[in-house]
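Visitor: got a predicted structure here, sequence first:
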Amino acid sequence: MIYRFTYLSGGLHVAAYAAFPPELQLSPEEWLLFLTEYFGDSELTVEHVACVLPSTVQSNPTAKSNYPVLVYCRGGIGKVGRVRVDWLAEFASFGRIVIAPCYRGGESGVGYDRFGGADLEDSRIAMQIAQAIPQADSKQIAVLGFSRGSINGTDAAISEKATHLVLWGGLSDLGQTYEERIDLRKMLKRVMEGSVYKIPEKYQERSPIYMAKDIECPVLVMHGTQDVQVKYEHAARMYAELQRLGKPGELFTLEDLGHHMPQKVRMKVLGDMFEWLDNNS
């Protein structure tokens, strides 16, 4: 089952999604009761939006006492790069509970997405929710940051002490993104309140490569060599920095793949990712 729900973040009712493996039966009433008790807020909502397809990994999965959790930090900004429900179903089909914050300023309909500003609180709270779920395995709370979500994901992994961090097609240096993506400069100047030339330190504060020194969990960097939205160099530099700092990590180079990929190929990449998570638990 996949639910769209609201939670409390910085006084705002921020939207998110929760996806559960096919064999984990959790009603919307049960999920809402958990959220209401956790936040002490009676105005939160839960809406059923989809069903998770039968597992493509295990033909007859049996329910377990607890499950690994994946907190998925999406890319884009505002309504661009909305959380994809089909991706959540794919993640959950690998036997994971999935929590995916929408961030303020987009689907949430409240606040403003600042590309790693106040919206960082949304992904941090999502991590706290993930850790508090009764069915969650506290030893396997991973964060996946996709594209721009590498900013929110890295910050959440550090501040909320994730057990694993995956950066998939993620930008590592926001200043580099400013240089490369001329089409994003106007937006970046607006949300950052200046260009990288005017306030380089603010761009560094929101760059995973400069956060790397504070990462305490194993990191998997996955990136396509043909990615034109976030160049492969972001992954190479991030991995090199992790190595320089002596941080545990691995680089999956996705040869001839771009920022997005066909579903069949994506499922193979996800299989390798979840195998890495299992092997590094």
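Guide: Right, received. Where do you want to start? From a predicted model like this one, the values you see are computed outputs, not experimental measurements. Numbers count the residues shown, from 1 in each chain.

Visitor: and the lengthiest helix in the chain, what does it pack against?
Guide: Counting residues, the longest helix found in the chain (DSSP state H) is helix 263-279. Where contact means 3 or more Cβ pairs under 8 Å, 6 or more residues apart in numbering; DSSP states H and E, helix 263-279 is packed against helix 85-92, strand 136-146, strand 164-168, strand 219-224, strand 249-254. For glycine as for every other residue, the C-beta is placed from the backbone atoms N, C-alpha and C.

Visitor: right, and the helix or strand after the third one?
Guide: Same thing as strand 164-168. helix 174-180 (DSSP states H and E).

Visitor: and for that following helix, what's in contact with it?
Guide: 115-116, 151, 171, 184-185, 188, 195-196, 200, 203-204, 206-207, 230-231, 233-234, 237 (Cβ atoms under 8 Å, 6 or more residues apart in numbering).

Visitor: ok now that helix, how far from the chain's centre?
Guide: Relative to its chain's centre, helix 174-180 lies at 21 Å (Cα atoms, centre = their mean, to the nearest Å).

Visitor: count the neighbours of the nearest residue to Met1 once chain neighbours are set aside for me.
Guide: Once flanking residues are discounted, Met1 sits nearest to Phe20: 5.4 Å by Cβ to Cβ, 6 or more residues apart in numbering. Neighbour count for Phe20, taken as other Cβ atoms under 10 Å: 21.

Visitor: could I get the pLDDT score of Phe20?
Guide: The score at Phe20 is 94. That number is its pLDDT.

Visitor: cool, Val57 as well?
Guide: Listed pLDDT for Val57 reads 53.

Visitor: going by neighbour count, which of the contacts of helix 174-180 are buried?
Guide: Buried members of these, scored by 16 or more other Cβ atoms under 10 Å, are 115-116, 151, 171, 184, 188, 196, 203, 206-207, 230-231, 234, 237.

Visitor: per-residue pLDDT, the spatially most central residue of the chain?
Guide: For the chain, the residue nearest the mean C-alpha position is Cys73 (2.1 Å; Cα atoms, centre = their mean). You'll see Cys73 listed with a pLDDT of 98.

Visitor: any idea what it is bridged to?
Guide: Here Cys73 sits in beta bridges with Gly145, going by DSSP bridges.

Visitor: okay then, goodbye and thanks.
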